[in-house]
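[1] Here is my input, please return the structure:
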Amino acid sequence: MTIRRELLAFLKSGDAESLEPVIKRLFASIAYNNYTNNDIERYEGFYASVLYAFFASIGVDIVAEDTSNKGRIDLTIKAGERTFLFEFKVTDGEPLEQIKRMKYYEKYGGERYLIGIVFDPRARNVSRFEWEKL
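    Numbers count the residues shown, from 1 in each chain. Modelled structure (predicted):
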């Protein structure tokens, strides 16, 4: 199954557990020479932009830097009655805890999925993936 089809299946099912390997495959497929003579892998915005472009390419309702009364969530995806809220960190941090502490999810109804991802700049991929359904 292609990465695109796996992503569509995830959005349809809401099976957040299935998303981690899809994201890992996506970042593993980026050519190493894209990182040559720059340090792009050290920046959260790089990872957020790749995921934004990928989700946008399948036509879902997506909001980057989605604002609330308490701050900004890195990425929000609306798929029917489901809302997926993503917070990203590079190297370390507690992205899932940040979503809960800042209550970014309060402005949405229906099924809400909180997804925290930590990226390792040396591996140029996911080092920690956590999620919770409200």
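
[2] Would you state the strands of the protein in chain order?
    61-67, 72-79, 82-90, 111-120, 125-133 (DSSP state E).

[3] closest to Ser18 out of those?
    Nearest of these to Ser18, taken as CB to CB: strand 125-133 at 10.6 Å. Every residue, glycine included, has its C-beta placed from N, CA and C.

[4] quick one: average pLDDT of the closest one?
    Taken as a whole, strand 125-133 has a mean pLDDT of 96.

[5] how close does the most far-flung residue of the chain relative to its centre sit to Ile117?
    Distance from the C-alpha centroid of the chain, by CA atoms, centre = their mean, peaks at Asn37 (26.0 Å). Distance, Asn37 to Ile117, by CB to CB, to the nearest Å: 26 Å.

[6] Okay, now the unreliable bits of this protein?
    Applying pLDDT under 70 to the chain flags the ranges 1.

[7] for it, longest helix please?
    Counting by DSSP state H, the longest helix found in the chain is helix 44-57.
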